[in-house]
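Undergrad: Let me see the structure of the following:
(chains A and B)
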Amino acid sequence: MRKVRVNKRILAANEEYACKNREFFARHKIPCLNMISSPGSGKTSILAGTIARLKDRIRIGVIEGDIQTDIDAQRVAAAGATAIQINTDGACHLSAADVYNAVKELSVEELDLIIIENVGNLVCPSAFDLGETAKVAVLSAPEGDDKPAKYPALFRKAAAILINKIDLLDKSGHVDFDINRAGADILKLNRNAKIIPVSAKTGKGMDDWCDWLEKLVAKIHR
Amino acid sequence: MHEVTIAQSVFEAISAEAKKQNARPIAAKISCGTMSGVNSEAVCFAFEAITKDTICENMKLKVEQKPIRARCKKCDEVFSFELHEPTCPKCKCDDFELLPDAPLMLEEIEFEDK
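TA: As a prediction, the model looks like this:
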């Protein structure tokens, strides 16, 4: 028996595409966000509200990742964005190659910002670098305030973390969610994270989120 | 679920190395940071399924989970980070930076003697 040291990165194929994507976004000076959360946390509702608020100032292209259907692409297109739907046919995450192919279908010169809505899943998508400028996490109040501690990978890497459905916190007793506990756990993992409480339903906090996006675009965009 | 993708990638890397070495692989060790969200049992299960009827069939796959490390900004101590006790074990302060998570890595392969 003999041992051979290999030291080869396992997801090297994905990383190669992620590098290509990162170079592409840098060359076009366009920020690209990778939005990740559990299914049902409100990513698409947040996106639709964001597009409606910013459509006169920022041109947003959206890459929608879902296992099946183009329901989300239709929703964000109806809100006023250019949308490309990717169906992963069972895969639990988008790969950098998926994004590489989807980006080719977008007219990047006519956009100021690209947002990737990843497949709803709090675990797998955070392991796959897509070459994005930054990750954005969404945590909704009904999921529970213990999620940052239980699923640290995403919350550790996200530049901005939206805490959605805060309208439910106003109705006492409906949802047990200690926003201070969630916030404290996030900051232990990621002290530079921008935590933004929002309600896509009532619009509360959405201006703070849009403000964060506008600053990001101003910093990177041509 | 993404453990299947990881197992596939490990299989491809081992097969390529086996061809180069012209030998049958019998065991391999991979490592990953605990923050990568990789479940060891799921990777091994997927690897077993994928490698059936291939040169890698019946290989032993070992997965090492590497804890995330932090460096204390006051005393420079490097320690394993625990969310429930995020303080430096040496000087007890909570001013530290988290170090990058260990990447997913195929570390070594054991081959049968020719």
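Undergrad: isn't there a helix covering A:K188?
TA: Yes. When classified by DSSP: H, G, I helix; E, B strand; the rest coil, A:K188 is found to be part of a helix.
Undergrad: mind checking pLDDT for the closest residue to it other than its chain neighbours?
TA: Counting by C-beta to C-beta, 6 or more residues apart in numbering or on different chains, A:K188 lies nearest to B:P86, which is 4.8 Å off, once chain neighbours are set aside. To be clear about C-beta, it is placed using only N, CA and C from the backbone, and glycine gets the same treatment. At B:P86 the predicted local distance difference test score is 82.
Undergrad: can you count the residues close to B:P86?
TA: By the criterion of other C-beta atoms under 10 Å in any protein chain shown, B:P86 has 15 neighbours.
Undergrad: Same check on B:K90?
TA: 13.
Undergrad: next one: the one 4 residues further on
TA: Using other C-beta under 10 Å as the criterion, B:D94 is surrounded by 14 other residues.
Undergrad: so it touches B:F81, yeah?
TA: No. The pair B:D94 and B:F81 does not pass the contact test of C-beta atoms under 8 Å, sitting 11.2 Å apart.
Undergrad: Note down every partner strand of the longest strand seen in chain B and its orientation.
TA: Here the longest strand in chain B is taken by residue count, with DSSP state E as the criterion, and it is strand B:25-33. Pairing partners of strand B:25-33, with direction, according to DSSP bridges: strand B:60-66 (parallel), strand B:105-111 (antiparallel).
Undergrad: Where does pLDDT dip in chain A?
TA: Where chain A drops to pLDDT under 70, the residues are A:172, A:222.
Undergrad: Do you have the helices of it handy? List them.
TA: For chain A, applying DSSP state H gives helices covering A:12-27, A:43-54, A:71-79, A:96-104, A:147-150, A:152-157, A:167-170, A:179-189, A:206-220.
Undergrad: tell me the angle of the first one relative to strand B:105-111?
TA: Using axes from the mean of the first three to the mean of the last three C-alpha atoms, to 10 degrees, the interaxial angle of helix A:12-27 with respect to strand B:105-111 works out to 150 degrees.
Undergrad: ok, which residues in chain B are in contact with chain A?
TA: If contact is defined as C-beta under 8 Å from any C-beta of the partner chain, the residues of chain B in contact with chain A are B:1-2, B:5-6, B:9-10, B:13, B:17, B:21, B:23, B:26, B:30, B:32, B:35-38, B:68, B:83-84, B:86, B:98, B:101, B:103-113.
Undergrad: what's in contact with stretch A:64-75?
TA: Contacts made with stretch A:64-75 from outside it, assessed by C-beta atoms under 8 Å, 6 or more residues apart in numbering or on different chains, are listed as A:44, A:47-48, A:62, A:76, A:83-94, A:98, A:116-120.
Undergrad: Just the terminal-to-terminal distance for that stretch.
TA: From its first residue to its last, stretch A:64-75 covers 10 Å (C-alpha to C-alpha, to the nearest Å).
Undergrad: can you pull the buried residues of it?
TA: Neighbour-count burial for stretch A:64-75, with 16 or more other C-beta atoms under 10 Å in any protein chain shown as criterion, is recorded at A:64-66, A:72-73, A:75.
Undergrad: Closest one of these to chain B?
TA: Within those, proximity to chain B (C-beta to the nearest C-beta) peaks at A:G65, which comes in at 13.2 Å.
Undergrad: Could you report the separation of that closest one from A:L94?
TA: Computed with C-beta to C-beta, to the nearest Å, the distance linking A:G65 and A:L94 is 4 Å.
Undergrad: any shared contact partners between these two?
TA: Taking C-beta under 8 Å, 6+ apart as the contact rule, A:G65 and A:L94 both touch A:86, A:88, A:116, A:118-119.
Undergrad: Wait, A:F177 touches A:K147, no?
TA: No. A:F177 sits out of contact with A:K147 when judged by C-beta under 8 Å, with a separation of 9.8 Å.
Undergrad: quick revisit: tabulate the shared contacts of A:G65 and A:L94 in a markdown table, adding columns for neighbour count and distance to A:A102.
TA: Formatted as a markdown table, the shared contacts of A:G65 and A:L94 follow (neighbours: other C-beta atoms under 10 Å in any protein chain shown; distance: C-beta to C-beta, whole Å):
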| residue | neighbour count | distance to A:A102 |
| --- | --- | --- |
| A:I86 | 23 | 6 |
| A:T88 | 16 | 12 |
| A:I116 | 28 | 8 |
| A:N118 | 30 | 12 |
| A:V119 | 21 | 13 |
